[in-house]
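Visitor: Sequence isn't available, so here's the structure alone:
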């Protein structure tokens, strides 16, 4: 089968399209014919071997063998199942998150039937389904489970035009919040169409200068910090970052005292979240934003584009020519 492989850390050019062995499902596994995947900011960092402390997991000098085929999100069709699999059957169209197993940037991928995998929304293409996995489930986790957003709150989404951000705007509105989206002026129309009540152009205004305004600041790109955002929060507000190890230390400190809090988190098991996301998509309550779609043999170009940091929503990869 064809797969994208990288055997060293570095620029997009370390990626190459190769023929590799097709995986065989073991007991409890499903074999998925992958029809679409995505390129995410997280994969850019993994390809570069950043941050350096992450190489404890990724590999010290070069990527670990199991991590050499990138791809965190996928959609496709199950073509075979291992023994004892009852949840899925051949012919099922699915979408899911590979997690630390990566490997979605290939024609076939084996995953446990119990993994973060769900039947694909019936009203989406394979590209749309792949783009509805990590961004949507991550936004859901941080807004609903970590920040516990509720009706009447004022929520600010920093990085509102990205993969997580476009879903965060919609989900915050779904939970009844008043939403301020932070993005560039060229993306103001997009985030407004997704439900944002207010838009701040980060090139013209620093949202952190607005005092005692936001119940929740969800920093999807971790472009700010609790120190900078603190005064923009209401007295009981919370700063919710998606990354940066130091935020866990600060969270421990703020948990010991009253007032404004830092609430980081990590969402790995996305199975229940995907079922919820699927329901919203099929009900027309969650819209998927795709910036560009590339062929598998254009993977280097796709990585170059995502690495600019200016994508709108999601960048997808079609694995087969007919898609």
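Guide: That came through, no problem. Note that the coordinates shown come from a computational prediction; the quantities given were computed from them, not determined experimentally. Numbering: from 1, shown residues only.

Visitor: all contacts plus neighbour counts: C-alpha atoms, from now on.
Guide: OK.

Visitor: how about low-confidence regions in this protein?
Guide: 244-256, 321-323 (pLDDT under 70).

Visitor: By residue count, which strand of it is the longest?
Guide: When the chain is parsed with DSSP state E, its longest strand is strand 29-39.

Visitor: Next, the buried residues of the helix or strand following it.
Guide: As assigned by DSSP states H and E, the chain's next helix or strand after strand 29-39 is helix 41-48. By 16 or more other C-alpha atoms under 10 Å, the buried positions in helix 41-48 come out as 41, 43-48.

Visitor: ok, so of these, who is nearest residue 81?
Guide: residue 43 (27.8 Å; C-alpha to C-alpha).

Visitor: surely the closest one meets residue 71?
Guide: Yes: with contact defined as C-alpha atoms under 8 Å, residue 43 reaches residue 71; the gap is 7.3 Å.

Visitor: what's next to the helix or strand where residue 281 lies, contact-wise?
Guide: Using DSSP H and E, the element containing residue 281 is helix 271-282. With C-alpha atoms under 8 Å, 6 or more residues apart in numbering as the test, helix 271-282 has contacts from 96, 115-118, 120-123, 132-133, 136-137, 140-141, 286-287.

Visitor: which parts of it are buried?
Guide: 271, 273-275, 277-278, 280-281.

Visitor: mind putting those residues in CSV, distance to residue 203 included?
Guide: Listed next are the buried residues of helix 271-282 as CSV, based on distance: C-alpha to C-alpha, whole Å:
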residue, distance to residue 203
271, 37
273, 34
274, 34
275, 37
277, 32
278, 35
280, 33
281, 32
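
Visitor: What pairs with the longest strand of the chain, parallel or antiparallel?
Guide: Strand pairing for strand 29-39, using DSSP bridges, gives strand 73-81 (antiparallel), strand 108-112 (antiparallel), strand 314-318 (antiparallel).

Visitor: which helices and strands does whatever helix or strand comes next after the longest one pack with?
Guide: Using DSSP H and E, the helix or strand that directly follows strand 73-81 along the chain is strand 93-97. Contacting strand 93-97 under the criterion 3 or more C-alpha pairs under 8 Å, 6 or more residues apart in numbering; DSSP states H and E are the following elements: strand 73-81, strand 116-119, helix 126-130.

Visitor: need the ones you listed in JSON lines with distance to residue 229 and mean neighbour count, can you?
Guide: Converted to JSON lines, the helices and strands packed on strand 93-97 look like this (distance: least, C-alpha to C-alpha, whole Å; neighbours: other C-alpha atoms under 10 Å):
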{"stretch": "strand 73-81", "distance to residue 229": "31", "mean neighbour count": "25"}
{"stretch": "strand 116-119", "distance to residue 229": "33", "mean neighbour count": "23"}
{"stretch": "helix 126-130", "distance to residue 229": "33", "mean neighbour count": "27"}
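
Visitor: for these, which one sits closest to residue 4?
Guide: Using C-alpha to C-alpha, those put strand 73-81 closest to residue 4, at 14.0 Å.

Visitor: mind listing what the closest residue to residue 289 other than its chain neighbours touches?
Guide: In space, and not counting its chain neighbours, residue 289 is closest to residue 313: 4.9 Å by C-alpha to C-alpha, 6 or more residues apart in numbering. By C-alpha under 8 Å, 6+ apart, residue 313 lies in contact with 161-166, 288-291.

Visitor: where do the helices sit along this structure?
Guide: Under the criterion DSSP state H, helices of the chain are mapped to 41-48, 55-58, 126-130, 134-140, 163-174, 188-193, 226-229, 246-255, 271-282, 299-307.

Visitor: would a markdown table of those helices with distance to residue 103 be doable?
Guide: Formatted as a markdown table, the helices of the chain follow (distance: least, C-alpha to C-alpha, whole Å):
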| stretch | distance to residue 103 |
| --- | --- |
| helix 41-48 | 11 |
| helix 55-58 | 14 |
| helix 126-130 | 14 |
| helix 134-140 | 15 |
| helix 163-174 | 20 |
| helix 188-193 | 31 |
| helix 226-229 | 34 |
| helix 246-255 | 29 |
| helix 271-282 | 18 |
| helix 299-307 | 14 |
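
Visitor: Between the ones you listed, which one is closest to residue 180.
Guide: Nearest of the helices of the chain (C-alpha to C-alpha): helix 163-174, 8.2 Å.

Visitor: in terms of contact count, name the helices or strands touching that closest one.
Guide: Counting by 3+ C-alpha pairs under 8 Å, 6+ apart, helix 163-174 packs on helix 134-140, strand 154-158, strand 178-183.
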